[in-house]
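Novice: Predicted model, plus sequence, below.
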Amino acid sequence: MRFAFSDQQTEFRDAVRQVLAKECTTDHLRAAYEEPAARSPRWTTLAEMGVVGLTAPEDHGGLGLGMLDLVLLLEEAGRVALPEPLLETTAVVVPLLSELGGSGDPGGVGDPGGSGGVGGAWLDGIAAGDVAAAVGTISTDSPPIAGADGADLLVLFTTAEAGDGEAVPEVHLVDSASVTIRTVASLDPTRRLGIPHWTPKDDTRLASGATAREAIRRTADRAALSTGAELLGLTESMITMAAEYAKERNQFGKPIGGFQAVKHLLAGAQVKLEFARPVVYAAAWALDEGEPHASRSVSTAKAYASDAATEAARVALQVHGAIGYTWECDLHLFLKRAWALAEAWGSASEHRQRVLDGLVAGA
Amino acid sequence: MRFAFSDQQTEFRDAVRQVLAKECTTDHLRAAYEEPAARSPRWTTLAEMGVVGLTAPEDHGGLGLGMLDLVLLLEEAGRVALPEPLLETTAVVVPLLSELGGSGDPGGVGDPGGSGGVGGAWLDGIAAGDVAAAVGTISTDSPPIAGADGADLLVLFTTAEAGDGEAVPEVHLVDSASVTIRTVASLDPTRRLGIPHWTPKDDTRLASGATAREAIRRTADRAALSTGAELLGLTESMITMAAEYAKERNQFGKPIGGFQAVKHLLAGAQVKLEFARPVVYAAAWALDEGEPHASRSVSTAKAYASDAATEAARVALQVHGAIGYTWECDLHLFLKRAWALAEAWGSASEHRQRVLDGLVAGA
Amino acid sequence: MDTTMDLRTTPAQEAFRLEARSWLAAHTPPPRSLPSLDTAEGFEAHRQWEQTMFDDRWSVVSWPEEFGGRGVGILEWLIFEEEYWRAQAPLRVSQNGVFLLAPTLFEFGTEEQRARFLPAMASAREIWCQGWSEPDAGSDLAGIRSRAVRSEGDDGWLLTGQKTWASRGAFAEWCFGLFRTDPEAERHRGLTYFLIEMSTPGVTVRPIPQIDGETGFAEIFFEDVFVPDGQVLGGVGRGWNVAMATAGSERGLSLRSPARYTEAASRLVDLYAHSLQTEPARAARSADAVAQAWMDAEAYRLNTLWTATRVLSGGSVGPEASANKIHWSETDLAIHRAALALLGPEAEFHGDGVDAPWLDGYLFALAGPIYAGTNEIQRNVVAERMLGLPRG
Amino acid sequence: MDTTMDLRTTPAQEAFRLEARSWLAAHTPPPRSLPSLDTAEGFEAHRQWEQTMFDDRWSVVSWPEEFGGRGVGILEWLIFEEEYWRAQAPLRVSQNGVFLLAPTLFEFGTEEQRARFLPAMASAREIWCQGWSEPDAGSDLAGIRSRAVRSEGDDGWLLTGQKTWASRGAFAEWCFGLFRTDPEAERHRGLTYFLIEMSTPGVTVRPIPQIDGETGFAEIFFEDVFVPDGQVLGGVGRGWNVAMATAGSERGLSLRSPARYTEAASRLVDLYAHSLQTEPARAARSADAVAQAWMDAEAYRLNTLWTATRVLSGGSVGPEASANKIHWSETDLAIHRAALALLGPEAEFHGDGVDAPWLDGYLFALAGPIYAGTNEIQRNVVAERMLGLPRG
């Protein structure tokens, strides 16, 4: 039993942190607010470092690594509120394409195992930094898909009706060039919300039935865990900004950080962060290992990370006071992302319910 | 529109406060812990002042007043953690007996309108201070009844089976001399919990069917509101004790009440109390006036008062520190009552659910 | 018998309510149809709306008739507010003047000042912004550094310094605020309450874009801005007392109306009822928070009636104002948090979507625990003045 | 490859777990069958149980074999704790000694001190209580006034003063605590860590009945109590450093075991599942709190493994110990509050009823945010030492 990352993992994390500190400053974020895009020079850098293709098989230009290797990098992405879709592309779509390659799904288009297959070509493109992906569900009342606006590749989950009238889940792989996307404004424009106008076709179907259902379930777990990891980084950034501000800002003749009320607000947020972290890391390990309770670990992680981020956002804004409420102050760049991600891929209360239902069912 | 008590009401409150300050000190409470009893010399004093018979008709020795007159006195009872059953007797049983007198329920024994009726005799006894009552439900899994141990009169709600198999609610009036009571220990011994061993008989039945159902509903409302009123008084006492302690206790060279953490704990509790008070008073008015949304007002009141008391208990204990955790310190006498009453006649969350269900139903 | 509690409105009050309701039904622009208050265009549209209200004497119902009001009491004002919010009428662009400055003018202003300023304020010909906070004096109001020096011979003062977080400061015609007239005096002594015309030479405004990108407030720079003696309110050196007396006693007129919260709570219940159909599991998880938020608004309504009755009986509002501030700001957050939880993934939509008002409302609510004295400061006041705890 | 994360226990660890489990199954008295720890009779019954454990080397598994342990590592100790709590075995009457004093003895004790005190502690022949707090020095440990003056010629010290909140102080044989040996020194300087036999002349004990009527702790009065030099731990005047170093580094050995909370959380889920049948509406209202409490315990378990791995790799525990204290005390409350909410009106039952343990547990949990440094103090530590905020 050993609950720590390897030196290699933390060294890679440190390298990514260093790059992002330079290439994803708040000035860069403000530029991305003006012109949100799925890919950027920064994305190319990350691809060159191996980050974008981290989870792709080696014969598709990737590093063949798993969630445990990625989780620290997602935390770094959160720390700088990275606007590019590392989560959607590397944490979610790549593992899904890689897995479905071996499924032998009849009528499917995916063949990532062979370099000639459609899925395989997409994997090559992702690892090269040429493809940014988005993933979501298409149904009459599904919400817009994060990152759909500007994505190169869309992975869409749909439901078909079988001959006996039963609903059959399907996974489709769609070139965004072949669809139109209606954009939807988010408080955080870098979320690039969009609703694809598209109808399922045979030649886009990657999987259906039980295979698709299982792929969708695993995707939801990976996405929730990865969102939790980004929230850790966002949480730390918000706490750090607020603590720094509290040391500088004077009121009543001393730094406000010397007042117990301010101290205790920040201490409470810090304690939540401290305890969210191992929960997220353990869930990453459980997913990679296919542990029987992996989904419960993921739900615990997402609930904890969402709550920690929501609390840190509240506290950071309160500590900043009116300054934090301005566009000039960088804080809002992190608040908005944190608010969006806290709800994305299942809110804290939704995941708590999933945990409890599983515990009672003895699952 | 005028949202204030009359001078008469506040003067009566002041008189009761004065009496209880002398006759219900924490020394008295500690004595009651040793020998819990339904009636006491203090009960006689309250009867002589007209408090015990406050809600009874004048021709039964009462003052013929309502919940709005009683609510401030219940608050005073809570302030000193009065161990006698003012709530059960005066706020709940007397109005129920008074109401059912006019119901003309066939087969019932209650005839409080005529002085000769059974219910009427009980009313006379209550106003004279000779009778303490308790009220509760008897069924296979109902909890023990507060105040049953030592009560003179029990009002019991049961369910009979009609000819067609339907459940028919009934209200029974039972002389405690005719039943045995199994006692159940409460954290607060003055709660005198007990389970009566008793089977319904025709000659104890006061009402059945729709009349009983309505009486039981109104009883639940009166009891919840009255419990809320007692909780206000308990809450104020706990906050006051903690604030006084915080002014005296020195740590790190100054009174702990000077630390912002302590201030903010107490301020938070005080704000909750300030806002609970009008909510409880408005519900008392609504009950007396038979307002269409009276039950919703009651639920709002109980939820608010329960939460205010629970928070004040938590805060008062935290401010006292280890001292508050000792038997010597009077605080526990109030904590225990507050914890019990916060759950009695519906918890905060139960009443919130009732409020919301009613709002959605447009009730 | 007139001293008995009675929570029912009188027939006269109901008649007043119906009159207000029917006027609002006939005149209120459709909900959210005006451009944002925080744009030049929206500012004028809102001013226009207030002028319409003023023309029919609905803009300041509780003021005396001579200033454009109807001379009704505080309870009638609360009734009007209920109808105003129920009609989803526009935000009040005049609110800083009408709700904050006017009570001060009524209490401390000269007859000339009232005649000069109140009608123009009521008709929205002149919109006021406030100049309280400074970059280094936010919650610490007594730390104000902006100063006024005597301009001898001119019967006036020269104001220099910087104010910030002035809501509507970008477009307002007038500003009220505290300046230090005695540099020797300690903290809250030596302050004077001034009324300043924004077009006076030496006034510069820098709009501050806020978190949602809109220009909600502004910084105001003063450089030797001349203000005549007639625009001193309440006496030289008495600024702190004037500002605090109004904040404290409130005179009933600047109580924050509960209608805004009860109206939002009622929409929240509607949203919940809708979610019960479309997202039952999510609705169930939010039920407790929805109920609590509705109850918080109801408690605020009742507390306001309780306080209003006390004020009408000659009582005053002391540190309860701080408890009030804590409660309404937390209620506003509770309502909007519950709504966003019901919306789930749709909570982040920002724009023309039907549920965007909840997100906008949330962003606005977030400022509640910060402005008008942070809730931390208010808790200090409650602890010290209601519970007698030492100043620490 | 041995540096890869792996949360599975090794086969050897599983074997150890099974050995512990089967020993506990054979020896553990039925749950709650021993009289209360806080009675003379119960104290002896618990001592007897620990002696039984000691006889088979289960009382201090992580200690070296020479002192009665098995020399296993911290992870094995955590596994043992899981089995101990799962078996619902009795509370540890020796806990102050084993979990608080022993790590200090290992780090600062002389060889003689270890040999003299550790085996007797492990076998529960000698039970220890702690003498930290004083009536006027609770959270403010540096404010200690009890003093020790040199007894020249006797090679020892004379201790005078008063300690309070000494858990198990009514029956313990030994006491460890800080006394002021240099009256001139400021606050945390000039303190010395003493080991005191309770039977020494001059020691008087006054039991303090607690909120549930039981005698959980005691006041201890010292009047010229002679303590020989051999019972000074870590050097004269170094008491603060000795006490704090142990509190901080913990050496892994006095980490508060998560098993207690995960076991309670698991019983909470059982109670919830039961309530789903008997009181479904109440259960539904409590679901979110039950899930949160379970997750809080799980987070504590994972955080402990995370910390343990760091400690095993040579890392140390600094201000994280304060974050830890805040988390476990709040977790304990969350678990018990959720349970009482599920019990509803039955929550107040106190006595032999089947659910009384929840109320007892709640009362015990209430002390969590108070003892071992109030959570207010811990939040100061987190803010100052983890976030670098000024001391204020």
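Specialist: Cool, got the structure.
Novice: Is the residue nearest to A:I216 when sequence neighbours are not counted within a helix or a strand, and which one?
Specialist: Once flanking residues are discounted, A:I216 sits nearest to A:F157: 5.3 Å by C-beta to C-beta, 6 or more residues apart in numbering or on different chains. C-beta: built from backbone N, CA, C; applies to glycine. Take DSSP states H and E as the rule and A:F157 turns out to sit in strand A:153-161.
Novice: Which positions in that strand come out as buried?
Specialist: A:L153, A:L154, A:V155, A:L156, A:F157, A:T158, A:T159 (16 or more other C-beta atoms under 10 Å in any protein chain shown).
Novice: Could you do stretch A:320-335 as well?
Specialist: Result for stretch A:320-335 [16+ other C-beta under 10 Å]: buried residues A:320-327, A:329-335.
Novice: The residues you listed also near chain C: which ones?
Specialist: A:G321, A:A322, A:G324, A:Y325, A:T326, A:W327, A:H332, A:L335 (C-beta under 8 Å from any C-beta of the partner chain).
Novice: which residues in the stretch 1-150 of chain A form strands?
Specialist: Secondary structure of the stretch 1-150 of chain A, counting by DSSP state E, counting those that start in this stretch: strands at A:133-137.
Novice: Helices along that one, start to end?
Specialist: In the stretch 1-150 of chain A, the helices defined using DSSP state H, counting those that start in this stretch lie at A:7-23, A:26-34, A:41-49, A:67-79, A:86, A:94-100, A:118-128.
Novice: and the last one, what does it pack onto?
Specialist: Packing partners of helix A:118-128 (3 or more C-beta pairs under 8 Å, 6 or more residues apart in numbering or on different chains; DSSP states H and E): helix A:94-100, strand A:153-161, strand A:167-175.
Novice: Mean pLDDT added to the ones you listed, as a markdown table?
Specialist: Conversion of the helices and strands packed on helix A:118-128 to a markdown table gives the following (pLDDT from 0 to 100):
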| stretch | mean pLDDT |
| --- | --- |
| helix A:94-100 | 92 |
| strand A:153-161 | 94 |
| strand A:167-175 | 94 |
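Novice: so where's the longest helix in chain C?
Specialist: If you go by DSSP state H, chain C has its longest helix at helix C:280-312.
Novice: Could you confirm whether the very next helix or strand once past that one reaches chain D?
Specialist: Next helix or strand after helix C:280-312 toward the C-terminus (DSSP H and E): helix C:320-343. No: using C-beta under 8 Å from any C-beta, helix C:320-343 stays clear of chain D, coming no nearer than 11.4 Å.
Novice: name the helices or strands packed onto the following helix or strand past helix C:320-343?
Specialist: The helix or strand immediately downstream of helix C:320-343 is helix C:356-366, counting by DSSP H and E. With contacts taken as 3+ C-beta pairs under 8 Å, 6+ apart, helix C:356-366 sits against helix C:320-343.
Novice: Just the mean pLDDT for the helix it packs on, thanks.
Specialist: For helix C:320-343, the mean per-residue pLDDT is 94.
Novice: ok and that helix relative to helix C:356-366, angle-wise?
Specialist: 150 degrees (axes from the mean of the first three to the mean of the last three C-alpha atoms, to 10 degrees).
Novice: and the angle from helix C:320-343 to helix C:280-312?
Specialist: Calculated by the same axes, to 10 degrees, helix C:320-343 forms an angle of 160 degrees with helix C:280-312.
Novice: Centre of the chain to helix C:320-343, how far?
Specialist: Here helix C:320-343 shows a centroid-to-chain-centroid distance of 16 Å under the convention C-alpha atoms, centre = their mean, to the nearest Å.
Novice: element containing A:Q270, please.
Specialist: helix A:260-289.
Novice: tell me the contacts of whichever residue of the stretch 201-350 of chain A sits closest to chain C?
Specialist: Per C-beta to the nearest C-beta, A:W327 is where the stretch 201-350 of chain A lies closest to chain C, at 3.9 Å. For A:W327, the contacting residues are C:I208, C:P209, C:Q210, C:I211, C:G213, by C-beta atoms under 8 Å, 6 or more residues apart in numbering or on different chains.
Novice: Most proximal residue of the stretch 151-300 of chain A with respect to chain C?
Specialist: For the stretch 151-300 of chain A, C-beta to the nearest C-beta, closest residue to chain C: A:A185, 3.5 Å.
Novice: For that residue, give me the pLDDT.
Specialist: For A:A185, the pLDDT comes out at 90.
Novice: repeat for A:D202
Specialist: 89.
Novice: The one 10 residues further on now?
Specialist: Reading off the confidence values, A:A212 has pLDDT 95.
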